[in-house]
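J.: Starting from these lines, generate the structure:
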Amino acid sequence: MSNSTKNLSDLSHAIKKWGLEFGFNQIGITDTNLQTAESKHQAWIEKGFHGDMDYMAKHGVKRTRPDELIPNTQRIISARLDYLPPQAENSTLILENSSKAFISRYALGRDYHKVIRNKLQKLCEKIQSELHHYQLNQFEYRVFTDSAPVLEVALAEKAGLGWRGKHTLLIDKNNGSWFFLGEIFTNLPLPIDEPASNHCGSCSKCIEVCPTQAITAPYEVDARRCISYLTIELKSSIPLEYRPLIGNRVYGCDDCQLYCPWNKFAQITKESDFAVKHGLDDVSLIDCFNWTEDEFKLKMAGSAIYRIGYTQWLRNIAVGLGNAETTPEIINALKQHMHHENEIVQEHVRWALSRHLA
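T.: All right, here's what the predicted structure looks like:
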């Protein structure tokens, strides 16, 4: 082994150790070859399964060729960060109570974009400061977390952090799937890790439990049917056929993860920023619906939910109220928003009222 190879190997081990010290739960390293993922991604786009997410297609092959997105990239450092918050109310109990607002567990605390980006930046600064110990001079990098045309699941799978499940999320056999991913694109030719092997086997639980049957085939999701897409990415009216199926899921959907057998091994996060804020793990639909725009902005400041905006929040809550058990309180709450200035909110409120007054 040459000195250069040994230095890169030693640095790789150090990066993984530093990653844990900065709060990540696992670090893996891979190259930039995503040929297999590229053909699958292109076929998914051609089917129109990305819906209104035009950004999934507009960057062309830059999404599947990291070295074209960031020139000189030779390796991707992929990081995993668990997010399942401690002491959160049981998800199943909230989903079974139609008066409650179910919010995807990843959004109960601080916006993960900021948390992960800060940790990745600190890791890069540590690498930069220690580079001379490994007789290396130039460290070029860019950090990403769900914020650029990056196939993060495909990269993480190649880096050995887990396998792509039939629901298309990454699964680790020792830690389930309740985690975020982040990436560092770098010019350092670090040794790469072995890809993870698939352990879904014959299980199809995620496909069976999806409320809208958005998992159209193993390892393929039609985003246009996915509740996470409908409540977060879709800015227009939610199609009528999906509204009754959404239930009380007002921001995202966790069903495919809740019923995945591998999540019995999921770990509670140690990241304090992901702890539940403002009681969002157990809040009533009516309370959420009664927030003023100022209250929404105050409570959701620093949250991923803030990005959908107040009117989309009301649209989603209206659907939840339309699916709730009929009570005078719910009817009254809906009537108070009948003349909301936003037409999309009005239309969803009218739909919800029609369900109760039929």
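J.: Give the helix, strand or coil label for Phe180.
T.: Counting by DSSP: H, G, I helix; E, B strand; the rest coil, the backbone at Phe180 sits in strand.
J.: let's number from 59 now, not from 1
T.: With the count now opening at 59, the last piece we talked about shows up as Phe238.
J.: Burial check on it, number of neighbours?
T.: 23 (other CB atoms under 10 Å). Bear in mind the C-beta positions are built from the backbone N, C-alpha and C, glycine included.
J.: Distance-wise, check it relative to Tyr368.
T.: Taking CB to CB, to the nearest Å as the measure, Phe238 falls 25 Å from Tyr368.
J.: same thing with Asn91?
T.: Looking at Asn91 against Tyr368, where the rule is CB to CB, the gap reads 43 Å.
J.: Not counting residues beside it along the chain, what's closest to Ile344?
T.: Closest residue to Ile344 in three dimensions, ignoring its sequence neighbours and counting by CB to CB, 6 or more residues apart in numbering: Ala391, at 4.9 Å.
J.: So which of Asn91 and Tyr368 has more stuff around it?
T.: Under the criterion of other CB under 10 Å, the comparison of Asn91 against Tyr368 puts Tyr368 first, with 18 against 14.
J.: related to what we said a few turns ago, list the residues that contact the residue nearest to Ile344.
T.: For Ala391, the contact set (CB atoms under 8 Å, 6 or more residues apart in numbering) comprises Ile344, Phe347, Asn348, Leu379.
J.: same thing but at 10 Å, please
T.: Applying CB atoms under 10 Å, 6 or more residues apart in numbering, we find Ala391 in contact with 342-348, 375-376, 379, 382, 385, 407, 410.
J.: Whichever of those end up buried, select them in PyMOL.
T.: Remark: buried members of the contacts of Ala391, expressed as a PyMOL selection using 16 or more other CB atoms under 10 Å:
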select buried, resi 342+343+344+346+347+375+376+379+382+407+410
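J.: Generate a markdown table for the contacts of Ala391, with secondary structure, distance to Phe80 and pLDDT as supplementary columns.
T.: Shown next, in a markdown table, are these (DSSP: H, G, I helix; E, B strand; the rest coil; distance: CB to CB, whole Å; pLDDT from 0 to 100):
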| residue | secondary structure | distance to Phe80 | pLDDT |
| --- | --- | --- | --- |
| Ser342 | strand | 38 | 98 |
| Leu343 | helix | 38 | 98 |
| Ile344 | helix | 41 | 98 |
| Asp345 | helix | 37 | 98 |
| Cys346 | helix | 34 | 97 |
| Phe347 | helix | 39 | 98 |
| Asn348 | coil | 40 | 97 |
| Ile375 | helix | 37 | 98 |
| Ala376 | helix | 41 | 98 |
| Leu379 | helix | 42 | 98 |
| Ala382 | coil | 43 | 98 |
| Thr385 | coil | 48 | 97 |
| Val407 | helix | 46 | 98 |
| Ala410 | helix | 45 | 98 |
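J.: Tell me the one of the contacts of Ala391 nearest Met396?
T.: Here the nearest of the contacts of Ala391 to Met396, counting by CB to CB, is Val407; it sits at 5.7 Å.
J.: quick one: buried residues of stretch 93-106?
T.: Residues Ala95, Glu96, Lys98, His99, Trp102 are the ones in stretch 93-106 that count as buried (16+ other CB under 10 Å).
J.: Go ahead and produce PDB holding the CA coordinates of stretch 107-127.
T.: The C-alpha trace of stretch 107-127 is given here as PDB (Å, rounded to 0.1, in the frame of the first residue of the first chain):
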ATOM      1  CA  PHE A 107     -44.900  10.100 -11.600                       C
ATOM      2  CA  HIS A 108     -43.200  13.200 -10.400                       C
ATOM      3  CA  GLY A 109     -46.400  15.200 -10.800                       C
ATOM      4  CA  ASP A 110     -45.900  19.000 -10.400                       C
ATOM      5  CA  MET A 111     -42.400  18.500  -9.000                       C
ATOM      6  CA  ASP A 112     -40.800  20.000 -12.200                       C
ATOM      7  CA  TYR A 113     -37.500  20.300 -10.400                       C
ATOM      8  CA  MET A 114     -37.200  16.500 -10.500                       C
ATOM      9  CA  ALA A 115     -36.700  16.700 -14.300                       C
ATOM     10  CA  LYS A 116     -35.400  20.100 -15.100                       C
ATOM     11  CA  HIS A 117     -31.700  19.400 -14.200                       C
ATOM     12  CA  GLY A 118     -31.500  16.600 -16.700                       C
ATOM     13  CA  VAL A 119     -28.600  14.200 -16.000                       C
ATOM     14  CA  LYS A 120     -27.000  16.400 -13.300                       C
ATOM     15  CA  ARG A 121     -29.200  14.600 -10.800                       C
ATOM     16  CA  THR A 122     -27.800  11.300 -11.700                       C
ATOM     17  CA  ARG A 123     -24.200  12.400 -12.500                       C
ATOM     18  CA  PRO A 124     -22.800  14.100  -9.400                       C
ATOM     19  CA  ASP A 125     -19.600  15.000 -11.200                       C
ATOM     20  CA  GLU A 126     -21.500  17.100 -13.700                       C
ATOM     21  CA  LEU A 127     -23.500  18.800 -11.000                       C
END
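J.: about what we covered before: ok, the contacts of Ala391 vs Val308, which is closest?
T.: Val308 lies nearest to Ile375 out of the contacts of Ala391, by CB to CB, at 5.5 Å.
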